[in-house]
Each structure stands twice: as structure tokens, then as C-alpha cells.
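Colleague: Structure, please.
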Amino acid sequence: MINRSGKIFAVSILILLVIPAGVLAALNTITPGNVVFLGEENLNIVAAMDGDSTIAWWASAAAIQTSSPSYTISVANPSAFFISPTEFSGKLGPWYRLNTSGKVNGTAFIVSDPNLDLRVMDATLGVDASENGWITTGSEVSFKITTNLYQMSQRPGVTGAPVTIKVQAPDGAIYSALTNKNGVTTNIDNIAVPTSPYSTGAIWDTARSALYPYGTYRIWAECNANSMKDNYGDVGKTYTSAWGILDQERNPLIGASTRTALPTTIITSPPTTVKTTTPTTVATTSVTTTLEPTPLPTTATVVQTTVPVTTTPAKSPGFESVLAGTALLIATALIFRRN
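Modeller: Model prediction:
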């Protein structure tokens, strides 16, 4: 026979086994009006169906009570229902139960497209290290999660959406927990996210170089609740892009900026101003002034050419007549003298 101590031990083992199973079961249990997400499988929608076997969806602005549904689905197994991305994509929003008469019998659930974003925050300096791409060694790190998956907390027994933060060391190892300055170790697998945005608080002390060596860390987040990542593995939906975060003492961006700025300013400015302005002004003015006196030599040449030509022909005929007359008189006088 099992004694009293043995019975207590057996009951304790059963409790340890049953409690996690209950928590896991609650994550897939859907009650009327709960939000469900594309990719979730094995959902128990028995309570959401309330005895009906058909769900229907109407396009936006449709008159639900007086018009036919835009799409209907027959639910064969309400204890293991799949929110197929193929079938439900483009049909987001409320899905209603239909009774045997085909009339709306209340809301079964609301289908939503998941979104997930992660930011790596330098909690010591109060800045977003995701944008900078580096963490000063010695700073504490927190993580900010923004997502609509927090609505899983509406489900019975669920405190928040299970989001896992992946921190991959420079050597490729992935941490499942991080330790802060106070020595508190926080599990980063399946963190319950009840609100959005959600902060983990300062949980990672980068000064612990024995645990967290210098180098570049890859950091991302994912959610595989009810196998949603397996069925709908789109970045920004069920997992985030990985941030590359450099853990070192000096900001690499400051060094790069200092070396680049000075040469650029000194070399570029002076040559442009001196070489372009001076030649253009001097050359244009000198040429224009020199060309103005050109008509003067032309006028002088005309005067010199005209005077000799006009004067010489006018005087020659009178002078020749006088000479001829004088010669005739001399010849006549000589003839009379000889006679």
C-alpha cells in the first residue's frame, strides 16, 4: 500500500503536470468575441460556436441582418479549428455564428492580422539603440515590444501573448535568459505581453563581459503561439527583423564623422570662388574697350589720299600754257635780232 507520504508526493507530481497543461490549453481556448490571429491552429472554439456549426463574414458596411453573407465556413471540428491565412486573409473582422435557419446568432470571434515590432533600448542613456546600432559597454538594456498580439490576454486564463526575444551572441550562441546589474536573471522565452507597447525593464547588464563578450549581437522577437509562426512566417507579423547591435566602449559613428568632415570643408570651398570669378570679369571688360577706337585710322587714311589726287591735276594746265608763251616770245625776239 502507498503510505500517506507517498500519496502526497503523487498528488504533487500530478499538480505539476496538470498546471502547465491547463495554461497551454487556455491559450487556445476561444470564447465568444475573442480576437484570433491568422496562422493559429488547434483552436478550441466550442464556446464561441455555442452549438452552431456555421460561421459567416460580411464585407464592410454590409447590412448583416438583411443581406446574405459574403463568405461562410462550415465548422466540422470546433475543438481544433485553424485560422488559415489562405482562407481568412482579406476577410478580417467579426465572424458571426449562423443558426440552422441561416440567421445571425451572435459573434463567434474576430479575425486579425498579427503585427510584431521589437526595439532595443539603452536603459542607461534612455535612447533607442536599434537606430544607433550600438550599445555602450556598461549600459543596461531593456526591450520594447509593440504588437496587437497582446489581445490574447482576453482569453480565459491568459495573462499575455507569449513573445520570445532572441539574443544571439557574437559566437552564435542564443541566450534564453539575461542578467541585470542587480543580479536578477530574467527568462526571455515566452514573455507574457499584456499591453502594447510593452517594456521588459532593464534586464541586460552589458558590463558583465564574462557573460556578454564584446562584439555584434543579433536581436529579434517572435511569437509562435498555437503554431502561428509555423503557419504564417511573415516578417513583421509573427517575427521581427534582426537588429545588429554592436557592444563596445566607443561609439563607432562619432569617429567616422570626425575624420570625414574637415577635409571636405577645406578642399572644396576656396578653389571654386577664386578661379571662377576673376578671369570672367577682366577678360570681358578689356576686349570691349579696345574695339571702340577702330573708326579713327579709317578717317585719317581717307583725308591723306584725297588731297594729293585733287590738287595736282587742277594746277598743271595753267602752268604749261605760261611756259609755252614765254618760249614763243624768246624765239621771235631772236629772229628779229638776226635780221
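
Colleague: pLDDT weak spots in the stretch 101-250 of the chain?
Modeller: Across the stretch 101-250 of the chain, the ranges flagged by pLDDT under 70 are 249-250.

Colleague: Do a quick rundown of the helices in it.
Modeller: With DSSP state H, counting those that start in this stretch, the ranges of helices along the stretch 101-250 of the chain come out as 129-132, 228-231.

Colleague: Identify whichever of the ones you listed lies nearest to Val158.
Modeller: Each of the helices of the stretch 101-250 of the chain has some distance to Val158 by Cβ to Cβ; the shortest is helix 228-231, at 14.2 Å. Any C-beta I mention is one placed from the backbone N, CA and C, and that applies to glycine too.

Colleague: Run through who's touching that closest one.
Modeller: 37-41, 82, 84-85, 114, 222-224, 238-239 (Cβ atoms under 8 Å, 6 or more residues apart in numbering).

Colleague: Next, count neighbours for Ile135.
Modeller: Here the number of neighbours of Ile135 (other Cβ atoms under 10 Å) works out to 25.

Colleague: Just list whatever residues bridge to it.
Modeller: Note on Ile135: beta-bridge partners Asp247, judged by DSSP bridges.

Colleague: Name the nearest residue to Gly244, sequence neighbours excluded.
Modeller: The spatial neighbour of Gly244 that comes closest, neighbours along the chain excluded (Cβ to Cβ, 6 or more residues apart in numbering), is Thr216 at 5.5 Å.

Colleague: if we can go back for a sec, looking at the helices of the stretch 101-250 of the chain, spot the one closest to Leu98.
Modeller: helix 228-231 (25.9 Å).

Colleague: Relative to Ser68, how far out is Ile45?
Modeller: As judged by Cβ to Cβ, to the nearest Å, Ile45 and Ser68 stand 23 Å apart.

Colleague: Looking at those two, which is more packed in?
Modeller: Legend: neighbour count by other Cβ under 10 Å for Ile45 and Ser68, higher for Ile45 (26 against 10).

Colleague: who's in contact with the residue nearest to Gly244?
Modeller: Going by Cβ under 8 Å, 6+ apart, Thr216 touches Pro170, Gly244, Ile245, Leu246, Asp247.

Colleague: Next, count neighbours for the last one.
Modeller: What that stands for is Asp247. Other residues near Asp247 come to 23 when the count uses other Cβ under 10 Å.

Colleague: before we move on, what about Tyr71?
Modeller: Residues lying near Tyr71 (other Cβ under 10 Å) number 14.

Colleague: ok, now Ser112?
Modeller: Ser112, neighbours per other Cβ under 10 Å, totals 17.

Colleague: ok, now Ala161?
Modeller: 27.

Colleague: residues in contact with Val111?
Modeller: Val35, Val36, Phe37, Leu38, Ile83, Phe88, Lys91, Leu92, Gly93, Trp95.

Colleague: farthest-separated two in those residues?
Modeller: Within the contacts of Val111, Val35 and Lys91 form the most distant pair, 14.4 Å apart (Cβ to Cβ).

Colleague: Which one's more surrounded, the two?
Modeller: Using other Cβ under 10 Å, the more surrounded residue of Val35 and Lys91 is Val35, with 18 against 14.

Colleague: Glu222 touches Tyr239, doesn't it?
Modeller: Yes: between Glu222 and Tyr239 a contact is recorded at 3.7 Å, counting by Cβ atoms under 8 Å.

Colleague: Of these two, which one has the most company?
Modeller: Ranked by neighbour count (other Cβ under 10 Å), Glu222 and Tyr239 place Tyr239 first, with 21 against 18.

Colleague: OK, contacts around that one?
Modeller: Per Cβ under 8 Å, 6+ apart, neighbours of Tyr239: Leu116, Trp220, Ala221, Glu222, Cys223, Lys229, Gly233.

Colleague: rerun that using 10 Å as the cut-off
Modeller: Taking Cβ atoms under 10 Å, 6 or more residues apart in numbering, we find Tyr239 in contact with 116, 118, 163-164, 166, 220-224, 229, 232-233.

Colleague: and what of Gly201?
Modeller: So Gly201 contacts Met121, Ala123, Glu140, Ser142, Phe143, Asn180, Val184, Thr186 (Cβ under 10 Å, 6+ apart).

Colleague: can you list the residues you listed in a markdown table and add neighbour count and distance to Ile55?
Modeller: Below are these laid out as a markdown table (neighbours: other Cβ atoms under 10 Å; distance: Cβ to Cβ, whole Å):
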| residue | neighbour count | distance to Ile55 |
| --- | --- | --- |
| Met121 | 22 | 41 |
| Ala123 | 21 | 45 |
| Glu140 | 21 | 48 |
| Ser142 | 18 | 41 |
| Phe143 | 25 | 37 |
| Asn180 | 18 | 47 |
| Val184 | 12 | 46 |
| Thr186 | 15 | 40 |
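
Colleague: Among those residues, which one lies nearest to Ala62?
Modeller: When those are compared for distance to Ala62 (Cβ to Cβ), Phe143 wins out at 41.4 Å.

Colleague: For stretch 60-73, buried residues please.
Modeller: For stretch 60-73, burial by neighbour count (16 or more other Cβ atoms under 10 Å) applies to Pro69, Ile73.

Colleague: hang on, I meant stretch 98-108
Modeller: Buried, per 16+ other Cβ under 10 Å, within stretch 98-108: Leu98, Asn105, Ala108.
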